[in-house]
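*Asks:* Next input, structure requested:
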Amino acid sequence: MRNCDLVRRRVLVVDNAVMVGTTVVVGTPKSHKSRSVPIPAFLNSELERLTRGKPDTAYLFGTGEAPVRLPNSKDGWFASAVRRAQKIDATFPRVTPHDLRHSAASLAVSAGANVKAVQRMLGHASAAMTLDVYSDLFDDDLDAVADRLDRARFDSNVGKMWAEGLSSE
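*Replies:* Predicted coordinates for the structure are as follows:
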């Protein structure tokens, strides 16, 4: 499929489907720009299964012939999947598709992703927008930043000389 590159582990988002009344209308993404979303390696086999036998012009999910209908928040396919997960595990939270987007951003930030990379992944117009929308994610990583700075100081020759100078005073 042309928009799913399993070798590079990327999905290219070039279309956006929105509900207008009861009809799914396909247009450009909100920013009118395509974006590349990274795929973790553990999803490759499932995506291989989803793309198998579909032509390049097919949609990734569903039959490939039409976009999957957007999830109804009360009784749609996504809400149904959440209820099934909650039956299996009573502690499973109520989540929305937007919560999953926020989780993806959070995981990327926690994994040390560059803000510009997260911006591109989310399709934001600027890194400032990403920082404004997800600034709470960065606050949680302040301790990690301090720890990395501490390690970097000791790893550098200047840091070692500085530390030795302090201990001899």
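*Asks:* okay, CA-based contacts and neighbour counts for the rest of this
*Replies:* Fine.
*Asks:* what secondary structure does V18 sit in?
*Replies:* strand (DSSP: H, G, I helix; E, B strand; the rest coil).
*Asks:* for it, what are its contacts?
*Replies:* For V18, the contacting residues are V24, V25, V26, L70, by Cα atoms under 8 Å, 6 or more residues apart in numbering.
*Asks:* would you list those residues in CSV and tack on distance to E48, neighbour count and secondary structure?
*Replies:* Below are the contacts of V18 laid out as CSV (distance: Cα to Cα, whole Å; neighbours: other Cα atoms under 10 Å; DSSP: H, G, I helix; E, B strand; the rest coil):
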residue, distance to E48, neighbour count, secondary structure
V24, 26, 16, strand
V25, 27, 12, strand
V26, 24, 13, strand
L70, 23, 15, coil
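*Asks:* Show the model's pLDDT score for the residue nearest the centre of the chain.
*Replies:* Nearest to the geometric centre of the chain sits A104, at 3.3 Å (Cα atoms, centre = their mean). At A104, the model reports a pLDDT of 86.
*Asks:* Please, which helix or strand holds it?
*Replies:* Following DSSP states H and E, one finds A104 within helix 97-110.
*Asks:* Now that helix - C-alpha only, PDB.
*Replies:* Output in PDB follows, covering the C-alpha atoms of helix 97-110 (Å, rounded to 0.1, in the frame of the first residue of the first chain):
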ATOM      1  CA  PRO A  97      -9.700   8.100  20.200                       C
ATOM      2  CA  HIS A  98      -8.300  11.500  21.200                       C
ATOM      3  CA  ASP A  99      -7.000  10.000  24.400                       C
ATOM      4  CA  LEU A 100      -5.000   7.600  22.300                       C
ATOM      5  CA  ARG A 101      -3.500  10.500  20.300                       C
ATOM      6  CA  HIS A 102      -2.600  12.100  23.700                       C
ATOM      7  CA  SER A 103      -1.100   8.800  24.800                       C
ATOM      8  CA  ALA A 104       1.000   8.500  21.600                       C
ATOM      9  CA  ALA A 105       2.400  12.000  22.200                       C
ATOM     10  CA  SER A 106       3.100  11.200  25.800                       C
ATOM     11  CA  LEU A 107       4.900   8.000  25.000                       C
ATOM     12  CA  ALA A 108       6.900   9.700  22.300                       C
ATOM     13  CA  VAL A 109       8.000  12.500  24.700                       C
ATOM     14  CA  SER A 110       8.800  10.000  27.500                       C
END
